[in-house]
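K.L.:
Provide a 3D model corresponding to the input given below.
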Amino acid sequence: MTSMSVFDIVPEDVLDAIFLRTPALDLVLNCPLVCRRWFEALSGRYFWLQKIESEGMRISERNRQLLLDNSDYSLCIYILKGVACGLLPFNRNLIRNPCGEDGRKYWVQKEAHKRHADYDSDSDEDEDYDDQYSAVRFEVEEKPVGAYPIPDKVGVPTQHCFVTSYRLGIRVQVLNFSKYSIREGVMELLKPTINYSQWVSSRHDCGCEAELSIQVKSGLWTMKPDPLDWNTSQEGVERRVWYKMEDEVQCALPIDTIVYRSTGKDRQFWAGNYGSKTTACSLILKI
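P.N.:
Down below sits the predicted model:
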């Protein structure tokens with residue numbers, strides 16, 4: 001009679017419950033080596049969908065069915081494991097320092113971006129660029145001065161926000177997708193939606209404006225959606241109140257870079273930081 005190990009007698013539902021509470025990287029790197037049964041359990045597409053959803057991430061019904069039914073098993077399991085482990089750039093905010101809690105870190109001003117076309121937002125030189133080019137264009141407030149506190153619905157853990165002045169303030173992050181080494185066919189299969197947004201407000205005593213835009217590059221192809229504009233003269237806009245600027249576009253091509261660009265200034269040319277305030281900057285590739 002063949003002897004059974006403890007790994008063989010654990011019920012299937014109990015094993016799944018344990019795996020759903022195990023860090024995804026351990027499930028990929030270590031657990032499949034324990035025994036054949038664990039290897040087979042962790043090779044199923046449906047389990048990885050469950051794992052993703054147990055972490056609070058949502059996948060559209062279209063892509064859910066594609067990942068379960070597509071004939072290319074290798075590509076689908078690669079996507080599912082990559083999303084679960086956070087190794088692929090999907091369903092999470094790719095903007096770093098979105099509220100200014102870390103000062104101007106990871107943000108560059110427009111002139112710096114022009115002069116450094118191959119700029120990588122992960123570079124250790126971020127703060128040097130910021131100090132040289134952006135100090136007079138935008139600042140960071142620990143809490144909004146002259147505006148209402150950032151409401152809970154914005155979903156940020158801090159009251160920090162960026163604030164502009166009488167000169168046009170321009171913040172840029174260049175997201176370089178080469179570091180993810182995304183396999184061929186992933187973007188074509190998933191056709192992710194690029195969702196980009198920020199929250200904006202103004203002081204009670206000074207009119208201001210803000211603009212949000214992105215630029216997507218894939219080889220020689222470039223997509224530049226129309227910018228989103230906001231100002232205190234628009235109908236229905238109340239000073240001090242926080243508003244969400246948001247749009248989305250679909251992209252089915254491999255992405256090289258996305259440039260996220262936020263600009264703003266006051267409309268009364270007052271000395272000091274009386275321009276638009278922004279926080280919760282976000283760019284998400286939704287699948």
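
K.L.:
rest of the way, CA atoms for contacts and neighbours
P.N.:
Fine.

K.L.:
Remind me which helix or strand S262 belongs to.
P.N.:
Secondary-structure assignment from DSSP states H and E places S262 in strand 257-266.

K.L.:
any idea which helix or strand comes after that strand?
P.N.:
strand 277-286.

K.L.:
got the contact list for that next one?
P.N.:
For strand 277-286, contacts defined as Cα atoms under 8 Å, 6 or more residues apart in numbering pick out 59, 89-95, 98-100, 144, 154-156, 160-164, 192-202, 260.

K.L.:
Among those, which are located in strands?
P.N.:
Using DSSP state E, the members of the contacts of strand 277-286 that fall in strands are 161-164, 193-201, 260.

K.L.:
how long is stretch 66-79 from one end to the other?
P.N.:
11 Å (Cα to Cα, to the nearest Å).

K.L.:
correction: stretch 195-215
P.N.:
So stretch 195-215: terminal residues 12 Å apart, Cα to Cα.

K.L.:
hmm, back to that, helices and strands around the strand holding S262, which ones?
P.N.:
strand 161-164, strand 169-176, strand 208-218 (3 or more Cα pairs under 8 Å, 6 or more residues apart in numbering; DSSP states H and E).

K.L.:
again, only this time at 7 Å
P.N.:
strand 169-176, strand 208-218 (3 or more Cα pairs under 7 Å, 6 or more residues apart in numbering; DSSP states H and E).

K.L.:
Direction included, what does the last one pair against?
P.N.:
Here strand 208-218 is paired, per DSSP bridges, with strand 221-223 (antiparallel), strand 228-231 (antiparallel), strand 257-266 (antiparallel).

K.L.:
show me where the stretch 1-150 of the chain has strands.
P.N.:
Ranges of strands within the stretch 1-150 of the chain are 138-141, based on DSSP state E, counting those that start in this stretch.

K.L.:
Helices along that one, start to end?
P.N.:
6-9, 12-20, 24-29, 36-41, 45-54, 61-69, 73-85, 110-115, 126-133 (DSSP state H, counting those that start in this stretch).

K.L.:
Out of the ones you listed, the one nearest Q234 is which?
P.N.:
helix 110-115 (26.3 Å; Cα to Cα).

K.L.:
okay, and the helix or strand of the protein with the least pLDDT?
P.N.:
Across the helices and strands of the chain, the lowest-confidence element by mean pLDDT, DSSP states H and E is helix 126-133, at a mean of 39.
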